[in-house]
Structures are given as C-alpha cells and as structure tokens.
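> fold the stuff below for me.
(one chain, ligands or ions: 2)
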Amino acid sequence: MASRSCLTIILAAGEGTRMKSSMSKVLHEIAGLPLVGHVVKAVQGADDGADLAVVVGRGAADVQKAVGKISDKARFYEQTERLGTAHAVLAAREALAESHDDVLVVFGDTPLIEETSLRAARNKLAEGADIVVMGFRPENPTGYGRLVEENGKLIAIVEEKDATDEQRKITFCNGGLMALNGKHALQLISAVKNDNSKGEYYLTDVVKLAHAQGLNVIAIDVPVENVIGINNRAELAEAEALWQARKRRDVMLSGVTLIAPETVFFAHDTLIEADVLIEPNVFFGPKVTVECGAVIHAFSHVEGAHIGANTSVGPFARLRPGAKLAEKAKVGNFCEVKNADIGAGAKVNHLSYIGDATVGAETNIGAGVITCNYDGYNKFKTIIGSNAFVGSNSALVAPLTIGNGVYVASGSVITDEVPENALALGRARQVNKEGRAEILREKYKAIKASKNK
Ligand code: UD1
Ligand code: CA
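Residues are numbered from 1 along each chain as shown. Ligands and ions are numbered 1, 2, ... in the order given. Below you'll find the predicted structure:
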C-alpha cells in the first residue's frame, strides 16, 4: 500500500454549537489530547507518508496550532461558510487537484477512528473500489445517513431527513468517513448539488453520482466506536470512557497489572513498561513514562513525570511535571514532587514537598521536609547530595546546597550551604527546667478556679 499516494482531508470547520463552548469543538480533549489530535494520530499511524489537509472554520488559528504540534505536514484550508460536508471538502480543492491515488475524508470530531479501519478502506481502493464508505450498525440508527445497497454495491446514502419510511428501517448507517479513488474524487465532489431538505452540499451524494457513472462503490463495516461523532459534553465523556477502556486493555495486554482497571485513567501518551503494578484510583496526566517493576499505589496523581525501574510511588502521592525518580526511589504518602530528580534508592516517604531540587542517591528525606523554593517572585534550586539524612520537619530554604553524607537535625530551618558530612542544626537549643511543670499546673489551676467563682 505504501506505493499508493494518499491525501487525507480532515473536516474540522463545524460550529459545534451543542458543546456550548467558547472553544472550537475539535479542541476539546480526550485523554489530554484534542479530538482533532486523535484523528491526526490515527491518520499518521495508518500511513505516515500521507499528505494531510485540514479544513478549518471556527477557531481556525487555534485548531491550526493544535494540529501543528502533531504534524508538520498539515496544510490548512478555511471554509468560510458552513454549506455542507461536500462544500467543506472542496475548500481543499487545491490539494484534491494534486491527483493522489487515494483520498480519505475523515471528521475532526470522530476521535476514536482506528488505523485498522483507515487501512481497510484504502485496501479496498487498492483492490479496485472507487469509493469506500465506512458503515456501522448502531443500536439506534436515528439521525444517521442510511446506506442503500443493491447486490453488494452501495447505490446511495440517504440522510435521515430525506429518507422514506422504508429507507429509515435500514440499520446499516453511514459513519461519515470515506475513501475515494483520487482519479474521480474532485470530479465527483464538484458535481454535488444542494437539492435536499437542508439545502446543504452533502458529501454523501457522491455515492449516487458515482453509481450513475458505473463506478464501483462499496461500504465496509467498521466497529461502532470508530465512527462515533462528538456533539456535546455528554458524548465527549462517553468517548473518553471508550478511549480509556481501550487503553487499559492495551496496557494490561502489554504486561502491566491493573487491580481495578476501571479506576485508572491514562493520558494519550502514557508509556508503561511491563511488570508495573498500578493500584486502584490512579490518574495519569500527559507525558508520563514508567519503567518496569515500579509500583504505583492507590490514589496517586502523576503528570509530566518519569518513574524509574522498581520505584514505589504513593499511596496518595502527587508527581508534577519534571519529577524524575531514578531506580528504586520511593515517594510515599502525601508527598508532592515537582521539577526534581530523586536519586536511586532515595526516599521521600511522608508528607513532603520537594520542588526544584536534586536529591542524591540513597538519601533519606524525613517526614514533613519542605523545600522552600519560592520567595513570592522567583524560584530557586535545592541540591542535596547522596547518602544524606534530612531530619523530619526541616525547611530547606533555596537556593541551597547540602553535601553528600550530611545529617540535618530534625526541625531545622536550613538557609546556608552544608558541607559534606557535616551535621547541621538550624533550630533553638532545648532547655529543661527541673520541677517547673508542677508549678505551671498549680498556677493554671488557680486561674481557672478564680474564673469559675
Ligand atoms: C454526517 C453524514 C451522515 C452520517 C453522519 C455520521 C453527510 C451529509 N452526512 O452527518 O450520513 O451518518 O455524518 O456521523 O455527510 N463540516 C464542516 N463544514 C460543513 C459541514 C460539516 O466542516 O459545512 C464538518 C463538521 O464539523 C463535522 C463533519 O463535517 O466534523 C460532519 O458534519 P455534520 O454536520 O456533523 O454531519 P452529520 O449531520 O452528522
Ligand atoms: Ca455529526
């Protein structure tokens, strides 16, 4: 198939009114990636060499930016008026005129399309079909275009509003996505008229035009979620759930244990090696990598972090962007780590905040230790060497360097550099006053008695 050239056109000009949003519909996210981003990734996965044209309308500049982050090949065409799907495709007329072997038309609001379906459609073109329509069989066909077949060939697609009662009974529906032979695509789409109940130029009309010209038009059956379109936030949440279910399955089949898969949420780019164990209720934001043997305990929130081999995270840990755990490091309950390297075997086990810092190998950070990295205006770095011990409830005021093998007494406020192997105490010395507790108690008792008189 690599020998056949391909142009993919993504339609993303819709108003998306039902999202009730200030933002273009296709920029709403599933697993941290805009809807249109999912479509671009599927297109790239099916054929990395394919040319890409994106038809934009509402929020054009933002859509362009979002797509540009994923593809440097994409060209953008603006559809200034929303006159229908055929009209939208023709916005990319210049690209269509380049005579690719295959033309794929996909929708920017149909994010769960899979590479396999795109390839299946193109394979049919390679075998001689002129148009391949991606059909599906929804539980409730209401609202979808119906696929009218005769002797295994598709002869028309009838929109719900234009369908006869008989046609409405057809359960094989148009998913909207289509592959066309590049030799005929521009000619067919240009011939579409808007003589229907909505007065729109329907892309679907190319089917009956092609049939009339004796071309070979077929429909293939693709899994329902491949073609579900997002129109409102309830459907967005349904698509998110489907995406998560797919990802959980992939992750488990690749060797990761999820104790309660339905409670673990991944981002579009989460990378997890085999033999990782993830306990219930863990959330992954974008840009997380997890190496083999790591255990992520319950109720942890992780984003922009690298979790090294055989580490332990949580329960109730928060790893923010730039957190990097080397092998066998531990970040325990109620700890937050941001923009910090935690060295091999180092421990940050209880109630700590480690931000803008480096913690050396095998160092122990006691309960409640805080790096004071921010003065209200600027951020500063804390560098802690290896094999150090920072006593509980110490405040490390950055910028600060603590050498290898240092011992910081608990409850210290450390503001100055601590040289290698030193003991640092940054708190008032303890004083014991013999017998004073008893005197104090008598005094307080007397005050209380005088009040109650
Ligand atoms: C379309 C199909 C219908 C199919 C359904 C599947 C047509 C005529 N109908 O209907 O057979 O069952 O998808 O979901 O194609 N768009 C533009 N510019 C326009 C019009 C649409 O960019 O002028 C984009 C939209 O943003 C959207 C896509 O094209 O991403 C589909 O348009 P939409 O109006 O949602 O078509 P449906 O009525 O759902
Ligand atoms: Ca739609």
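
> what about the closest residue to V302 other than its chain neighbours, how many residues close to it?
Nearest residue to V302, sequence neighbours excluded (CB to CB, 6 or more residues apart in numbering): L319, at 4.5 Å. (Each C-beta comes from the backbone N, C-alpha and C, glycine too.) The criterion is other CB atoms under 10 Å. On that basis, L319 has 29 neighbouring residues.

> low-scoring pLDDT stretches of the protein, where are they?
1-2 (pLDDT under 70).

> ok, A92 touching D51?
No. Assessed by CB atoms under 8 Å, A92 is found out of contact with D51, at 10.1 Å.

> and those two? Which one has more around it.
Using other CB under 10 Å as the criterion, A92 and D51 rank with A92 on top: 25 against 17.

> residues contacting the more buried one?
Going by CB atoms under 8 Å, 6 or more residues apart in numbering, A92 touches 9, 53, 55, 75, 77.

> which helix is the longest one in the chain?
helix 233-253 (DSSP state H).

> tell me the SS of the nearest residue to G385 once chain neighbours are set aside?
Excluding the flanking residues, the one nearest G385 by CB to CB, 6+ apart is N404, at 3.5 Å. Here N404 is recorded as coil under DSSP: H, G, I helix; E, B strand; the rest coil.

> so what's whichever residue of the stretch 301-450 of the chain sits closest to ligand 1 up against?
Of all residues in the stretch 301-450 of the chain, the one sitting closest to ligand 1 is E303 (29.5 Å; CB to the nearest ligand atom). Going by CB under 8 Å, 6+ apart, E303 touches 267, 284-288, 319-321.

> show me where the stretch 1-150 of the chain has its helices.
35-46, 60-68, 85-90, 93-96, 115-126 (DSSP state H, counting those that start in this stretch).

> what about K379, how many residues close to it?
Neighbour count for K379, taken as other CB under 10 Å: 13.

> any idea how far it lies from A340?
Distance, K379 to A340, by CB to CB, to the nearest Å: 12 Å.

> intersection of neighbour lists for these two?
Joint contacts of K379 and A340 (CB under 8 Å, 6+ apart) are 355-356.

> spell out which parts of the protein neighbour ligand 1.
Selection of the chain residues close to ligand 1 by CB under 6 Å from any ligand atom yields 11-14, 55, 79, 82-85, 87-88, 107-109, 144-145, 157, 159, 173-176, 202-204, 229.

> buried only: go through these for me.
For these, a burial check counting by 16 or more other CB atoms under 10 Å picks out 11-14, 55, 79, 83-85, 87-88, 107-109, 144-145, 157, 159, 173-176, 202-204, 229.

> list the contacts of the residue nearest to M178 when sequence neighbours are not counted.
Among residues not flanking M178 along the chain, V105 sits closest, at 4.8 Å (CB to CB, 6+ apart). Going by CB under 8 Å, 6+ apart, V105 touches 8-9, 11, 85, 89, 177-180, 203.

> beta partners of V105?
Per DSSP bridges, residues listed as beta-bridge partners of V105: I9, M178.

> how near is it to A185?
V105 sits 9 Å away from A185, going by CB to CB.

> then L118?
From L118 across to A185, the span is 16 Å (CB to CB).

> and for T311?
Counting by CB to CB, the gap from T311 to A185 is 52 Å.

> and what of F316?
Distance of F316 to A185, given as CB to CB: 55 Å.

> and whichever residue of the stretch 201-350 of the chain sits closest to ligand 1, what is it in contact with?
Here the stretch 201-350 of the chain gets closest to ligand 1 at one residue, Y202, 3.6 Å apart by CB to the nearest ligand atom. Residues near Y202 by CB under 8 Å, 6+ apart: 84-86, 157, 159, 192, 194, 196.

> show me those residues that map onto strands.
Mapping the contacts of Y202 onto strands (DSSP state E) picks out I157.

> neighbours of G304, how many?
Burial of G304 is recorded as 17 neighbouring residues (other CB under 10 Å).

> before we move on, what about K453?
Close neighbours of K453, defined as other CB under 10 Å, add up to 4.

> hang on, the earlier thing: moving C-terminal of the longest helix of the chain, what's the next helix or strand?
Later in the chain than helix 233-253, the nearest helix or strand by DSSP states H and E is strand 257-258.

> how far is that next one from where the chain is centred?
Its chain's C-alpha centre lies 20 Å from the corresponding centre of strand 257-258 when counted by CA atoms, centre = their mean, to the nearest Å.

> what does stretch 136-152 give?
Chain-centre distance of stretch 136-152: 32 Å, with CA atoms, centre = their mean.

> quick check: end-to-end length of that stretch?
Its first and final residues considered, stretch 136-152 spans 15 Å by CA to CA, to the nearest Å.

> could you pull up phi and psi at E438?
The phi/psi pair for E438 (degrees, to the nearest 10) reads phi -60, psi -40.

> now it: how far from I272?
Distance of E438 to I272, computed by CB to CB: 61 Å.
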